[in-house]
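Visitor: The following comprises the amino acid sequence and a computationally predicted model.
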Amino acid sequence: MNDPFIVALDFPTGEDVKAFLRSFPHESLFVKVGMELYYQEGPEIIHYLKGQGHRIFLDLKLHDIPNTVKRAMKGLARFGVDIVNVHAAGGTRMMEAALEGLEAGTPSGARRPYCIAVTQLTSTSEQMLHRELWIDRTMEETVLHYATLAKQSGLDGVVCSAKEVPLIRKQCGEAFLTVTPGVRFADDEKNDQVRVVTPYEARKLGASFIVIGRSITRAENPAAAYERLRREWKGEENE
Ligand SMILES: O=C(O)c1cc(=O)[nH]c(=O)n1[C@@H]1O[C@H](COP(=O)(O)O)[C@@H](O)[C@H]1O
């Protein structure tokens, strides 16, 4: 079944990943490999997960000068992952370069990975935006502006909070992907996340995919937590 859920495999080793995935012996998941795992295990873990039939969001959040991003993306395109990302704050020329690299590196006959841009991290509050980052606009205006830049650069979508999805859909169209972390069950700790919604709220707001980590990966019974996610997404467990 193709669930719109991307499970963040934020683990320090491949062994931890394998132990976690033993809870899902018959499932092809959509998983996210981020910095913690990739910086330890490298391309090997990508090949392993692909070999197990999982779809992959390789979340390395590239943010550098256009030439560097282009060349890095050219190499990443060879892995055959489904989604990669950059920071929209790198600007339109950097985002265009990311796409050029992906197009150049994708083997002929293969599909280019989707490229999406992080707008504002879901750990960023409105207050932090103004006081610390000196961004003089509201969170919604800022996220919408970055989404527009990503769209103008030819990217396939953005990473944002589900709270911002309705505005982005209106401005950037229904086909533009909205991938939304900062998802928690109502009784979960928020941890370092600030712009948080429940799975049911994310669906109501129109998120294309939700990214969910600790609520599943740190659950006592990950398979049961994943089933709860499926039920909540469908609205079967909401008042
Ligand atoms: O790009 C991301 O995936 C990302 C962007 C963002 O704004 N916020 C965010 O939490 N993430 C990632 O989404 C995952 C969320 O994990 P949990 O907070 O454990 O559900 C982590 O792997 C983060 O690196």
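Guide: Happy to help now that I have it. Residues are numbered from 1 along each chain as shown.
Visitor: these two touch, right, Arg85 and Met73?
Guide: Slight slip there: residue 85 is Asn, not Arg. No. Judged on Cβ atoms under 8 Å, Asn85 makes no contact with Met73 at a distance of 10.4 Å. The way it works is simple: take the backbone N, C-alpha and C, and place the C-beta from them, glycine included.
Visitor: the strands in the chain, which residues?
Guide: In the chain, strands defined by DSSP state E lie at 5-8, 30-33, 55-62, 83-87, 114-118, 157-159, 177-180, 209-212, listed in chain order.
Visitor: Please tabulate those in JSON lines, including the columns mean neighbour count.
Guide: Converted to JSON lines, the strands of the chain look like this (neighbours: other Cβ atoms under 10 Å):
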{"stretch": "strand 5-8", "mean neighbour count": "23"}
{"stretch": "strand 30-33", "mean neighbour count": "22"}
{"stretch": "strand 55-62", "mean neighbour count": "20"}
{"stretch": "strand 83-87", "mean neighbour count": "24"}
{"stretch": "strand 114-118", "mean neighbour count": "24"}
{"stretch": "strand 157-159", "mean neighbour count": "28"}
{"stretch": "strand 177-180", "mean neighbour count": "25"}
{"stretch": "strand 209-212", "mean neighbour count": "23"}
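Visitor: Same list (the ones you listed) but as TSV, adding mean pLDDT.
Guide: Shown next, in TSV, are the strands of the chain (pLDDT from 0 to 100):
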stretch	mean pLDDT
strand 5-8	98
strand 30-33	98
strand 55-62	98
strand 83-87	99
strand 114-118	99
strand 157-159	99
strand 177-180	98
strand 209-212	98
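Visitor: Output those as CSV; include the columns distance to the ligand.
Guide: Listed next are the strands of the chain as CSV, based on distance: least, Cβ to the nearest ligand atom, whole Å:
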stretch, distance to the ligand
strand 5-8, 4
strand 30-33, 6
strand 55-62, 5
strand 83-87, 6
strand 114-118, 5
strand 157-159, 4
strand 177-180, 7
strand 209-212, 4
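Visitor: With distance to Arg231 added, can I get these in CSV?
Guide: Below are the strands of the chain laid out as CSV (distance: least, Cβ to Cβ, whole Å):
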stretch, distance to Arg231
strand 5-8, 12
strand 30-33, 18
strand 55-62, 22
strand 83-87, 25
strand 114-118, 27
strand 157-159, 25
strand 177-180, 19
strand 209-212, 14
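Visitor: Select, out of these, the one closest to Arg230.
Guide: strand 5-8 (8.0 Å; Cβ to Cβ).
Visitor: The ligand contacts on the chain?
Guide: Applying Cβ under 6 Å from any ligand atom, we find that the chain lies next to the ligand at 8, 10, 34, 59, 61, 85, 118, 121-122, 159, 181-182, 191, 193, 211-215.
Visitor: Excluding chain neighbours, what is closest to the residue of the chain at minimum distance from the ligand?
Guide: Nearest residue of the chain to the ligand: Gly213, at 2.6 Å (Cβ to the nearest ligand atom). Once flanking residues are discounted, Gly213 sits nearest to Ala8: 3.3 Å by Cβ to Cβ, 6 or more residues apart in numbering.
Visitor: show me what contacts the one you found?
Guide: Ala8 makes contact with 31-32, 34, 59, 181, 211-214, 217 under the criterion Cβ atoms under 8 Å, 6 or more residues apart in numbering.
Visitor: Relative to Glu174, which of these is nearest.
Guide: Distances from Glu174 to these, taken by Cβ to Cβ, are shortest for Val211, at 19.9 Å.
Visitor: Surely the closest one touches Val179?
Guide: Yes. At 6.2 Å, Val211 counts as touching Val179 under the criterion of Cβ under 8 Å.
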